[in-house]
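Engineer: Need a 3D model of the following:
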Amino acid sequence: MELIQYPDADMMMVEVAQRLAGELRQGLAGGERASIAVPGGTTPGPIFDSLCAADLDWSRVSVALTDERWVPEDSPRSNTRLLRQRLLVGRAAAARLLPMRAEAETPEEGIPSLLPAIAGALPLTTCLLGMGADMHTASIFPGADRLAEALAGPDILVPMRAEGAGEPRVTLSAPVLRGALARHVVITGALKREALERARGLPPEEAPVAAVLKGAVVHWAES
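Structural biologist: Numbers count the residues shown, from 1 in each chain. Prediction:
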């Protein structure tokens, strides 16, 4: 794990966006398509605002979420809604969005229809992750009902329910996240820095983010 510290969050968000764009550009130079998986939530929004303006052939880029809440896209809790508003705009509007939710009542019912597109984009060219204060990443939560499956695979997508998750969710498994050619974790604040340090000494069953830290670049700013 490589840790990069920044003077402020604004600088960090711009730098991470530039690194992601560079990795996508390199992926496109070496193949027909490139792929990126990104989280939802509030933290990555400024990264998306910069990344969407990157000068690259977005028509050859597949964009997936690392995880999604099983809610309609018009819900304010929808990660897909965030992507459409802040990443898939400008130049990046030409990218191909890989759905992480289907018109089905439960994740278990919807996952089979989502798998072909996701599987076709693997291995990911690059992956952006966050981390909660409880040391979860994507929707791989401590104490979740299918934590062991999400950590060990072999499934690409895992339905997930956990006390801290709210709605049922679907998440990329840890093996898929680790399989990305480049991996970045972005965190802000002293509490998450402390959580990161704890996670480094805990097993993934207690700190799921530990499952993806080896080989990752962690970007941190105080605020």
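Engineer: So Ala117, which state does it fall into?
Structural biologist: Recorded secondary structure, Ala117: helix (DSSP: H, G, I helix; E, B strand; the rest coil).
Engineer: Pretty sure it sits against Ala102.
Structural biologist: No. Between Ala117 and Ala102 there is no contact under C-beta atoms under 8 Å: 10.8 Å. Using the backbone N, CA and C atoms, a C-beta is placed for each residue, glycine as well.
Engineer: where along this protein do the strands fall?
Structural biologist: Taking DSSP state E as the criterion, the chain contains strands spanning 2-6, 34-38, 61-65, 67-69, 96-97, 126-129, 157-160, 169-172, 183-188, 217-221.
Engineer: can you redo these as TSV with distance to Glu149?
Structural biologist: Formatted as TSV, those follow (distance: least, C-beta to C-beta, whole Å):
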stretch	distance to Glu149
strand 2-6	29
strand 34-38	18
strand 61-65	19
strand 67-69	14
strand 96-97	26
strand 126-129	19
strand 157-160	5
strand 169-172	10
strand 183-188	21
strand 217-221	25
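Engineer: Go through those and name the closest to Ile111.
Structural biologist: Of all those, it is strand 157-160 that lies closest to Ile111, at 5.0 Å by C-beta to C-beta.
Engineer: in the closest one, what counts as buried?
Structural biologist: 157-160 (16 or more other C-beta atoms under 10 Å).
Engineer: Would you map the helices across the chain?
Structural biologist: Counting by DSSP state H, the chain has helices at residues 9-30, 45-51, 79-86, 107-120, 147-152, 174-178, 190-199.
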